[in-house]
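Undergrad: this one's structure only:
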């Protein structure tokens, strides 16, 4: 079973770009999967809510509500978000990472980790990087 890992910026897409990331994931990954995020992502979203204003704060607040409403699993981890995501994906053969972070996408591709990212501010795209 695939584990779909959601990054911070990816969880903020629904508010910023009006894309239903959950239905898009269903379209892109029709096989059985579970959707999760890391505890460090939740902490980062909390931090954005507490320190930012305007649309960033609203997007982070909505992301936190979506995690709860959609039953997104939370995987406990320590450390920085990007390195935790990479480590999780490397240790879980069927992991797919959802992110829009350019540097993280490059590191994931180099490591042979499949990714889902936003394309053209209107849809999501799946890149299978299994080595």
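TA: Noted; the coordinates are in hand. On a predicted model such as this, the values are computed, not experimentally measured, just so you know.
Undergrad: contacts and neighbour counts: CA atoms only from here.
TA: Fine.
Undergrad: now for whichever strand or helix holds residue 84, which elements pack on it?
TA: In the assignment (DSSP states H and E), residue 84 maps to helix 81-91. Contacts of helix 81-91 with other secondary structure elements, assessed using 3 or more C-alpha pairs under 8 Å, 6 or more residues apart in numbering; DSSP states H and E, are made with strand 33-38, strand 95-98.
Undergrad: could the ones you listed go into a markdown table alongside distance to residue 52?
TA: Conversion of the helices and strands packed on helix 81-91 to a markdown table gives the following (distance: least, C-alpha to C-alpha, whole Å):
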| stretch | distance to residue 52 |
| --- | --- |
| strand 33-38 | 21 |
| strand 95-98 | 23 |
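Undergrad: Relative to residue 112, which of those is closest?
TA: Put simply, out of the helices and strands packed on helix 81-91 the one that sits nearest residue 112 is strand 95-98, at 10.3 Å, with distance taken as C-alpha to C-alpha.
Undergrad: and after that closest one, which helix or strand comes next?
TA: helix 102-110.
Undergrad: What average pLDDT does the very next helix or strand once past that next one get?
TA: In the C-terminal direction, the helix or strand that comes right after helix 102-110 (DSSP H and E) is strand 114-119. For strand 114-119, the per-residue pLDDT values average out at 95.
Undergrad: can you pull the buried residues of strand 114-119?
TA: Of the residues in strand 114-119, 114-118 count as buried by neighbour count, 16 or more other C-alpha atoms under 10 Å.
Undergrad: what angle separates the next helix or strand after it from helix 102-110?
TA: Heading C-terminal from strand 114-119, the first helix or strand you meet, by DSSP H and E, is strand 123-127. Our comparison of strand 123-127 with helix 102-110, counting by axes from the mean of the first three to the mean of the last three C-alpha atoms, to 10 degrees, yields an angle of 30 degrees.
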